[in-house]
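> what's the 3D shape of this:
(2 chains)
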Amino acid sequence: MAREKTLEELKRLARFKAQAKVLLAYCFLSAGALAMIAPFFWMVTTSLKEPGSIFSYQRPWWQDWIPTQFVWQNYVKAWVAVPFARFYLNSLFVSTCVTAGQVTTSALAAYAFARLEFPARDKIFFGYLATMMVPGAVTMIPVFILLRYLGWIDTYKAVILPGIFTAYGTFLLRQFFLTLPKDLEDAAKIDGCSYFGIFWRIILPLSKPALATLTTFTFMGSWLNFMWPLIVLNTHNLFTLPVGLSYFQSLHNTDWALLMAGSLMMILPILIVFLINQRYFVEGIKLTGIKG
Amino acid sequence: METQTVKKPFLKNSTKETLTAFGFLLPNFIGFLLFTSLPVLASLVLSFVRWDLFTPPQFAGLDNFIQLFRDPLFWKYCWNTVYLMATIPLSMAGSLMLALALNQKLKGIVFFRTVYFLPTICSGVAIYMLWRLLYNADFGLFNLTIAKIGEIFHLPLKGPNWLTDEEWAKPALIIMSVWQTVGGYNMVLYLAALQGVPRDLYEAAEIDGANSWQKFWKVTWPQISPTTFFIATMSIIGGFQAGFDPAFIMTGGGPNGSTTTLIYYLFNNAFQWNQMGYAAAIAWFLFLIIFLLTLVKWRSFGRAVYYY
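Predicted coordinates:
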C-alpha cells in the first residue's frame, strides 16, 4: 500500500535531485574540457619527442602522452630552420600598425558620426553600414590590382593599409559613443573646449572598454590573418607568422616534432594575451553580438 | 539709445562644425573609399571583363557568369561549401548544451569558459597543422584511439585515411570545426541569452508541474530563439566565405577537390591562374547569396526586435 511521503522525505529527495544535477553538469563540463585540452596536450607531447620516433608500436600507450625524455632541442631546431624571429617581428609590426591605425581612424570617424552635425551624415553612415555585409572576397581582387598598380605588392604596406580601414570599427565605436551622457560635453563646450579637446579629454577616457575590445579583436584578427598576407607577400623575410609557418610546413612536411614546436611558438603569445585580457573578449562579444 | 554690436565670428558655427566633422572623418573616409567602396564597384566591372593582368582587359559581357553556371567544378565546390556547413547545427547544439551546463551557477565557471574558448582563440595555421597530425592515418590520435578500442574489444577496427580519402576529408574538417567553434562566441552568446530568461517563467512552469525537459522546450527554447536565429544566420553568412585556411594547410583543397570551397576556388582563379574576371564573377555570386541572407536577417529582426 502506498503511503504518503512525509515532508522530510520529500525535502531529502529534492536535495538529492539537485545534487545529482550538479554532479551530472560537472561530469559533462569536465568531459568537454578534456576534449578541448587533449589535442593541445598531444601537441606539446609531440613537440618534445625525438624526431623520427613520434610513434612506435613497441611502446606502452601512455608513453605517447608522456614522453620518457624531453627533447627541448626541437624548439631550437625549429627556431633556426626558418627565420622564426623575423616572422615574429614581422607579425608584431604588422599587427601593431593595423591595430593602431584602425583604432585611431575608427575613433575619429565614430566621433564625427556620433556627435557632430554635418550634411549627409546619416547617408554616409548608411553607406558604411551597407559595406559591412560585403564579403571580403569581393574587394580582395580589386585591392590586389590596385596595390599591384601602385607597386606595393610584396611590401608591408600591402599587408597593413587595407587592414586599417574597416566600417566595423567605426560602427562599434559610434554605437558606444552614443551611449555616453552628453552633459559633460556641454559643460566643456561652455568652458570653450574645442571639438578635438572634447574628443581627447572626455570621449576617449570614457570609452576605454570599447577601445580595449576593438584593440583586442583587431590585434587578434591581424595576428591570425593568413589569406591576405599569403596573397600579397612573396619574399620570405617579409612573411608574417601564419604564412611563415605554412612555408615551414612545406619545407618539413612530415617532421612532426619540429612542426608542433613551431606551431606552439606561434600560439604561445596569443595564449598569454588571451589569459590576461579574457574579460575583454567576453565583454566584447556581448557588446557587439557580432563575431569578431 | 545704445546699439549692441555682436562680433560676428569668422565662420558660421554650423560651417565650422561641418569642417571639423570632415576633418575627423577624412582619414577613415579616404581609406574606406580606396579599399572598400571603390573596390566593390571595381569588382562588379571586373566580373564583365576577361583579364589575366598581363594583356589588356577585354570586355566579355555576361560570359564569365555563363561560364560559371556551366562550370561543373563550380557546382561541386558550391556543394562542398554547403556540406561543410553541417558544422553549424552540430556546433550550435553543443554550444547550447555547454551553456546550459554552465548556467547552473556552479563553481569554476570561469575555468571552464576559458578552456572552451582556447580553440577559438588559437585558431589559425598552427591549429590546422596540429589537426593534420591528429588525423594522420598511421599514428594520429584518432586512429591510435580507434585501434586501441579495437584491441580492447578484440575487434578488427581500423581508422580511415581521414584527410586523403575523398569520403572522409569533409567529415574530418567538420569534426575539427565543431571542436574549434563549440565553446567560442556562440556559447558565450547562448549563456548571455539564458541568463536573460525571466525567472518567473520557470516558477510558473514549476507550479504547473512541468519537468526539466518540458521547461526547456516550453520556456527556455522559445525565449532564446532570437539568439538561435541570430547565430544561425551569422554562421551561414560566414559559412559561405569559409574554408580557405584549413583546406589550404591540411588538404590543399583535395583529395580530388573534395575540400575546395568557393573562396578557395576564387583564390585559385585570381591568384594562381590569373583569371581576374572569372574570380570576380565568383565573388559577386557569393555577394548575391550573402545579400539575400542579410535581407532575411534584417526582416526577421525587424519582427523579433522586442526580444532585443
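> pretty sure A:Q278 is touching B:V115, no?
No - if you go by CB atoms under 8 Å, A:Q278 and B:V115 don't touch, sitting 11.2 Å apart. The way it works is simple: take the backbone N, C-alpha and C, and place the C-beta from them, glycine included.
> ok, the two, which is more surrounded?
B:V115 (19 against 16; other CB atoms under 10 Å in any protein chain shown).
> Provide a list of residues in contact with the more buried one.
The contact partners of B:V115, taken as CB atoms under 8 Å, 6 or more residues apart in numbering or on different chains, are A:33, A:36-37, B:183.
> Check the burial of A:A188 by counting its neighbours.
16.
> do the one 10 residues further on as well
Other residues near A:I198 come to 18 when the count uses other CB under 10 Å.
> ok, now which ones touch it?
Counting by CB under 8 Å, 6+ apart, A:I198 has contacts A:115, A:185, A:188-189.
> Please report how far A:F219 lies from chain B.
12 Å (CB to the nearest CB, to the nearest Å).
> Does that residue lie in a helix or a strand, and which?
Assessed by DSSP states H and E, A:F219 sits inside helix A:208-224.
> quick one: contacts of the helix or strand that that helix is followed by?
Using DSSP H and E, the helix or strand that directly follows helix A:208-224 along the chain is helix A:227-232. By CB under 8 Å, 6+ apart, the residues outside helix A:227-232 that reach it are A:94, A:140, A:144, A:147, A:153-154, A:158-159, A:162-163, A:239-240, A:242-243, A:246, B:244-245, B:248, B:267, B:271.
> if we can go back for a sec, of the contacts of B:V115, which pair is most distant in space?
Spatially, the most separated pair among the contacts of B:V115 is A:I37 and B:G183, at 11.1 Å (CB to CB).
> quick one, which of the two is more surrounded?
More neighbours surround B:G183 than the other of A:I37 and B:G183, with 28 against 14 (other CB under 10 Å).
> ok, B:S177 - how many residues close by?
B:S177 has 24 nearby residues by other CB under 10 Å.
> List the residues that contact it.
B:S177 touches B:84, B:87, B:91, B:246, counting by CB under 8 Å, 6+ apart.
> could I get the helix or strand harbouring it in CSV with only the CA atoms?
Assessed by DSSP H and E, B:S177 sits inside helix B:166-181. Coordinates of the C-alpha atoms in helix B:166-181 are reproduced here as CSV (Å, rounded to 0.1, in the frame of the first residue of the first chain):
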residue,chain,number,x,y,z
GLU,B,166,37.6,11.6,-50.6
GLU,B,167,34.8,10.1,-48.4
TRP,B,168,36.3,11.2,-45.1
ALA,B,169,38.0,14.5,-45.8
LYS,B,170,34.9,16.7,-45.4
PRO,B,171,33.7,14.9,-42.2
ALA,B,172,37.2,15.3,-40.8
LEU,B,173,37.1,19.1,-41.4
ILE,B,174,33.6,19.2,-39.9
ILE,B,175,34.7,17.4,-36.7
MET,B,176,37.6,19.9,-36.4
SER,B,177,35.4,22.9,-36.9
VAL,B,178,32.9,21.7,-34.3
TRP,B,179,35.8,21.3,-31.8
GLN,B,180,37.0,24.8,-32.8
THR,B,181,33.7,26.7,-32.5
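> Distance from it to the middle of the chain?
Relative to its chain's centre, helix B:166-181 lies at 15 Å (CA atoms, centre = their mean, to the nearest Å).
> Report the buried residues of that helix.
B:168-170, B:172-181 (16 or more other CB atoms under 10 Å in any protein chain shown).
> for the closest residue to B:F216 other than its chain neighbours, what are its contacts?
Leaving aside its chain neighbours, B:F216 sits nearest to B:L100 (7.8 Å; criterion: CB to CB, 6 or more residues apart in numbering or on different chains). Each residue near B:L100 by CB under 8 Å, 6+ apart is listed here: B:194, B:216, B:220.
> tell me the secondary structure for B:L100?
helix (DSSP: H, G, I helix; E, B strand; the rest coil).
> any idea how far it is from B:P226?
Relative to B:P226, B:L100 is positioned 17 Å away (CB to CB, to the nearest Å).
> same deal with B:A101?
According to CB to CB, B:A101 stands 22 Å off from B:P226.
> quick one: is stretch A:124-140 near chain B?
Yes - legend: contact between stretch A:124-140 and chain B by CB under 8 Å from any CB of the partner chain is shown at A:124, A:127-128, A:131, A:133-140.
> and for the helix or strand where A:P142 lies, what are the contacting residues?
Here A:P142 sits within helix A:136-150, counting by DSSP H and E. Contacts to helix A:136-150, defined as CB under 8 Å, 6+ apart, come from residues A:153, A:157-158, A:162, A:228, A:231-232, B:34-36, B:38-40, B:42-43, B:46, B:53, B:241, B:263, B:266, B:270-271, B:276, B:279-280, B:282-284, B:286-287.
> So how do I select the buried members of those in PyMOL?
Listed next is the PyMOL selection for buried residues among the contacts of helix A:136-150, using 16+ other CB under 10 Å:
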select buried, (chain A and resi 153+158+162+228+231+232) or (chain B and resi 35+36+39+40+42+43+46+241+263+266+270+271+276+279+280+282+283+284+286+287)
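> thinking again about what came up before, what confidence value was assigned to the residue nearest to B:F216?
Note on B:L100: pLDDT of 90.
> Over to A:E4?
The model reports A:E4 with a pLDDT of 64.
> what about the nearest residue to B:V219 once chain neighbours are set aside, how many neighbours?
Once flanking residues are discounted, B:V219 sits nearest to B:L201: 5.0 Å by CB to CB, 6+ apart. A count of neighbours around B:L201, defined by other CB under 10 Å, yields 15.
> Who are the packing partners of the helix or strand encompassing B:L201?
Element membership of B:L201 [criterion: DSSP H and E] is helix B:199-207. Helix B:199-207 sits against helix B:212-215, with contacts defined as 3 or more CB pairs under 8 Å, 6 or more residues apart in numbering or on different chains; DSSP states H and E.
> can we see that at 10 Å?
helix B:212-215, helix B:221-223 (3 or more CB pairs under 10 Å, 6 or more residues apart in numbering or on different chains; DSSP states H and E).
> remind me, longest helix of the chain?
Since you didn't name a chain, this refers to chain A. helix A:7-47 (DSSP state H).
> That was the other one, I meant chain B.
helix B:276-303.
> Buried residues, that helix. List them.
Of the residues in helix B:276-303, B:276-287, B:289-291, B:293-294, B:297 count as buried by neighbour count, 16+ other CB under 10 Å.
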